[in-house]
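Colleague: build me a structure from this.
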Amino acid sequence: MLKEFKDFIMTGNVIDFAVAVIMAGALGAVINGFVNNIIMPIVGHFSGGTDFSQMKIVLDEAVLGEGGVVTKAENAILWGSWVNTIISLIIVGFVMFLLVKAYNKTKKPPEAAAPAGPSELDILMEIRDSLKK
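Modeller: Below is the predicted model of the structure:
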């Protein structure tokens, strides 16, 4: 059983998948940084200085106790973070599209099939016709 597991883990598909998962995590961090640090400030600039990550609909205000200590946390719908996530998804989809497109260009085009010669039936018909003569 241990040998079977080792053979399974060492197959190319599992290793390729593991590399893909690690790369996807790294790419996700880079894209999140790009969205949060570059794209959203630009979007905020053109929307009048709005910081989408702070946009929310407060359902219940935070309750403060003695000395300003929060006794009940604020309950809010963080729709601005959701907008950031949607923009991140669009950028990830576009980057993946570009990667797949570039990868497909590196693949060799399929070779054209060799022109088919006469079929077996054609050859038999030629032999028949030559024997008739």
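Colleague: could you use CA atoms for every contact and neighbour count after this?
Modeller: Fine.
Colleague: tell me the pLDDT at the closest residue to residue 72 other than its chain neighbours?
Modeller: Once flanking residues are discounted, residue 72 sits nearest to residue 63: 4.9 Å by Cα to Cα, 6 or more residues apart in numbering. pLDDT, residue 63: 88.
Colleague: and if you look at residue 112?
Modeller: Predicted confidence (pLDDT) for residue 112: 69.
Colleague: any idea how far the worst-scoring helix or strand of the chain on mean pLDDT is from the chain center?
Modeller: For the chain, the helix or strand with the lowest mean confidence is helix 2-9, at a mean of 79 (criterion: mean pLDDT, DSSP states H and E). Put simply, helix 2-9 sits 29 Å off its chain's centre (Cα atoms, centre = their mean, to the nearest Å).
Colleague: pretty sure residue 59 is in a helix, no?
Modeller: No - assessed with DSSP: H, G, I helix; E, B strand; the rest coil, residue 59 is strand; it does not lie in a helix.
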